[in-house]
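Participant: give me a model of this one.
(one chain, ligands or ions: 2)
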Amino acid sequence: MTTPNKGSRPLYIRYAGPVLLETPLLNKGSAFTVEERQAFNLEGLLPSKIESIDEQADRAYQQFSAFEDDLDKHVYLRNIQDTNETLYFKLINNHLVEMMPIIYTPTVGLACQKFSQIYRRKRGLFITYPDRDRIDDMLQNATKQNVKVIVVTDSERILGLGDQGIGGMGIPIGKLALYSSCGGISPAYTLPVALDVGTNNQELLDDPLYMGWRHNRIEGEEYFAFVDQFIQSVRRRWPNALIQFEDFAQANATPLLKKYQDKLCCFNDDIQGTAAVTVGTLLAACHSQGTSLKDHRVVFVGAGSAGCGIAEQIIDHMVADGISETQAISQIFLTSSKGLLTDDLPLRDFQQKFAKKKSDVAEWSSSGDKISLLDLVKASKPTILIGVSGVAGLISEEVVKSMYESCEKPIVLPLSNPTSKVEALPKDVIAWTEGNAIVATGSPFEPVDYQGKSYPIAQCNNSYIFPGVGLGVIASGATRVTDEMFMTSSEALAACSPLVKGENANLLPDLGDIREVSKYIAVQVGLKAMEQGVATKVEASVLEAAVEKNYWMPEYRSYRRTSF
Ligand SMILES: O=C([O-])CC(=O)C(=O)O
Ligand SMILES: [Mg+2]
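Facilitator: Residues are numbered from 1 along each chain as shown. Ligands and ions are numbered 1, 2, ... in the order given. Modelled structure (predicted):
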């Protein structure tokens, strides 16, 4: 990576002595120079050898490699993050492919479940319901002064693991680590937030070590009023900050997005980010097959906000490809535990438009009652199958084989996270379809060997999207995140797919290339923001330069002392 950094400019700082070594954004540990050690009262506090960041990273990598257990590795890395953020990101950048599953999906899921057991040091803000009248003060206490990106969760639906109380804080921390390592947004500008509205997870409530508010979840009007208090405080403190909603339960995710989408710079990653990466993956798959998305039939396993969000974006693309919205909707089928969504079932707002007329499809049911996934696959002959249910194993051998009977090259995306929740294992899908399926998953999987051939499994995870979208928003100064900006991010991702280069290449770019991909997405998203009038218009070359300029790389800056 050769991106120029603004790192050569010295930084004027107020801290010295042990406090400087305890400030993760500023600490350089053994890399403090002789002059800095003298100027900042550090003499005697460190071993004498002055090290480079590369030497430090080599030592840290050796220590990391000595751990066998992934959660231990996670704790180790989190500890470096809380001690020296520059070194943390240097290490992650040097070993992104190996470390991403440790700092993010799937290990972060376990870290959330065990948050109170593995807790070491403070990071981010915990905003607890009983303190709701002091949120302005709490935002003043944040160690970061110039916050540009906030990832906030209320932890009610952490990955596919459900309510994790304040343990959900692991997710904003993990997502923001990717903002910095993949999206080049300096950690000085990022803030993870956990809204502690209680938990309904009895195991946590009974756990003496649980560190959150021991109370059942606040719901309804009080809940929405509390979230609004938080949002309004953020607007007062950092009016231009981008807010990413993460892992809210379905029942709240869509209303919150609808409420704030047009009023502030925000998005919901599980709805819009997941949809964008999925559509990007589908576009890449279509491109490799020489097909158009508008000619596909899509079955969803799971009909929550993520599934409906993906379905919405697929429809937008089908319409852009030239078919009517009605036609597009007729090619999309969503199933929940009650089978195919039909108009005789109780439906959430966001599910309504996808429900089929029961009278039109009643005969598809083999039981005379609900239309099961298998019934649906037999009747609708899908070419794309997407798992967003959070339930392991729902995409069965029978279902995939039945799909394969009427589709030579099925596209199968079991997307649920973490790995333990995946709807089907890639190796099974490949075997059930005699090596003919295109498979992508939400969590990382090793390539599959089938009959002497290796099949790479793309990780269709929103990490391909949100860092680039965030960088694009910041670099362009966008004030809103529109649906069209997400649509653009899908197309930009698909344009980076290496599959076109060879039969066995991966559907999505290598993680090792994710920084370049994020920059490309950022520029496209920024241009779209300008086109839509939510960012000030500049030449593309000016935006490209802004993306480069905003792209932070983990290198130490030299320090000068501010006069006191
Ligand atoms: O975190 C991930 O890997 C993807 C995601 O947003 C989710 O599953 O909630
Ligand atoms: Mg999420």
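
Participant: can you give me the helices in the stretch 301-450 of the chain?
Facilitator: Taking DSSP state H, counting those that start in this stretch, the helices of the stretch 301-450 of the chain run over residues 305-320, 325-330, 358-361, 373-380, 397-406, 426-432.

Participant: only C-alpha atoms, please: export the shortest one in CSV.
Facilitator: This file holds the C-alpha atoms of helix 358-361, laid out as CSV (Å, rounded to 0.1, in the frame of the first residue of the first chain):
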residue,chain,number,x,y,z
LYS,A,358,-53.0,-17.0,-1.0
SER,A,359,-55.6,-18.0,-3.6
ASP,A,360,-53.0,-17.9,-6.4
VAL,A,361,-50.6,-20.2,-4.6
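
Participant: give me the buried positions along it.
Facilitator: Residues of helix 358-361 classed as buried: Val361 (neighbour count, 16 or more other C-beta atoms under 10 Å). Where C-beta positions appear, they are placed from N, C-alpha and C, glycine not excepted.

Participant: just the residues contacting it, thanks.
Facilitator: Residues outside helix 358-361 that contact it (C-beta atoms under 8 Å, 6 or more residues apart in numbering): Leu340, Thr342, Asp343, Asp344, Ile371, Ala379.

Participant: how about JSON lines for those, with distance to ligand 1 and neighbour count added?
Facilitator: JSON lines is the format used below for the contacts of helix 358-361 (distance: C-beta to the nearest ligand atom, whole Å; neighbours: other C-beta atoms under 10 Å):
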{"residue": "Leu340", "distance to ligand 1": "24", "neighbour count": "27"}
{"residue": "Thr342", "distance to ligand 1": "27", "neighbour count": "21"}
{"residue": "Asp343", "distance to ligand 1": "29", "neighbour count": "13"}
{"residue": "Asp344", "distance to ligand 1": "31", "neighbour count": "11"}
{"residue": "Ile371", "distance to ligand 1": "27", "neighbour count": "26"}
{"residue": "Ala379", "distance to ligand 1": "30", "neighbour count": "16"}
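
Participant: any chance of these in TSV, with distance to ligand 2 and pLDDT too?
Facilitator: Compiled in TSV, those are given as follows (distance: C-beta to the ion, whole Å; pLDDT from 0 to 100):
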residue	distance to ligand 2	pLDDT
Leu340	26	98
Thr342	29	97
Asp343	30	96
Asp344	32	95
Ile371	29	97
Ala379	32	98
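
Participant: picking that back up, highest mean neighbour count out of the helices of the stretch 301-450 of the chain?
Facilitator: Highest mean neighbour count among those (mean count of other C-beta atoms under 10 Å): helix 305-320, with a mean of 23.

Participant: tell me if it is near ligand 1.
Facilitator: No - between helix 305-320 and ligand 1, judged by C-beta under 6 Å from any ligand atom, nothing touches; the nearest distance is 7.7 Å.

Participant: residues touching Arg560, list them.
Facilitator: With C-beta under 8 Å, 6+ apart, Arg560 has these contacts: Pro10, Leu11, Tyr12, Ile13, Ala39.

Participant: report the buried members of these.
Facilitator: Buried, going by 16+ other C-beta under 10 Å: Ile13, out of these.

Participant: could you point out which of the contacts of Arg560 is nearest to Asp316?
Facilitator: Distance to Asp316, by C-beta to C-beta, is smallest for Leu11 among these, at 44.5 Å.

Participant: who's the closest spatial neighbour of the closest one, skipping the chain neighbours?
Facilitator: Arg557 (4.8 Å; C-beta to C-beta, 6 or more residues apart in numbering).

Participant: any regions of the stretch 351-500 of the chain where pLDDT drops low?
Facilitator: With pLDDT under 70 as the threshold, the stretch 351-500 of the chain has low-confidence stretches at 500.

Participant: point me to the residue of it nearest ligand 1.
Facilitator: Asn417 (3.8 Å; C-beta to the nearest ligand atom).

Participant: for that residue, grab phi and psi.
Facilitator: phi -120, psi 160 (degrees, to the nearest 10).

Participant: that one and Thr107: what is the separation?
Facilitator: Distance, Asn417 to Thr107, by C-beta to C-beta, to the nearest Å: 11 Å.

Participant: on that earlier part again, now, which of the contacts of helix 358-361 sits nearest Arg561?
Facilitator: Taking those together and measuring to Arg561 by C-beta to C-beta, the closest member is Leu340, at 67.8 Å.

Participant: in the biggest strand by length in the chain, what counts as buried?
Facilitator: Scanning the chain for the longest strand, with DSSP state E as the assignment, gives strand 190-196. The neighbour-count check on strand 190-196 (16+ other C-beta under 10 Å) flags Thr190, Leu191, Pro192, Val193, Ala194, Leu195, Asp196 as buried.

Participant: would CSV of those with distance to Ile474 and pLDDT be doable?
Facilitator: Output for those, formatted as CSV (distance: C-beta to C-beta, whole Å; pLDDT from 0 to 100):
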residue, distance to Ile474, pLDDT
Thr190, 11, 98
Leu191, 14, 98
Pro192, 17, 98
Val193, 18, 98
Ala194, 23, 98
Leu195, 23, 98
Asp196, 28, 98
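
Participant: what sits against the residue in the chain positioned nearest to ligand 1?
Facilitator: Nearest residue of the chain to ligand 1: Thr105, at 3.3 Å (C-beta to the nearest ligand atom). Neighbour list for Thr105: Leu159, Gly174, Asn417, Pro418, Gly442, Ser443, Pro444, Asn461 [criterion: C-beta under 8 Å, 6+ apart].

Participant: make sure the second one is indeed in a helix.
Facilitator: Yes - for Gly174, which was evaluated using DSSP: H, G, I helix; E, B strand; the rest coil, the result is membership in a helix.

Participant: of all the residues in this structure, which ones are close to ligand 1?
Facilitator: Residues of the chain lying near ligand 1 (C-beta under 6 Å from any ligand atom): Thr105, Leu159, Asp247, Asp269, Asp270, Asn417, Gly442, Asn461, Asn462.

Participant: do that again at 5 Å, thanks
Facilitator: Thr105, Leu159, Asp270, Asn417 (C-beta under 5 Å from any ligand atom).

Participant: brilliant, that's me finished.
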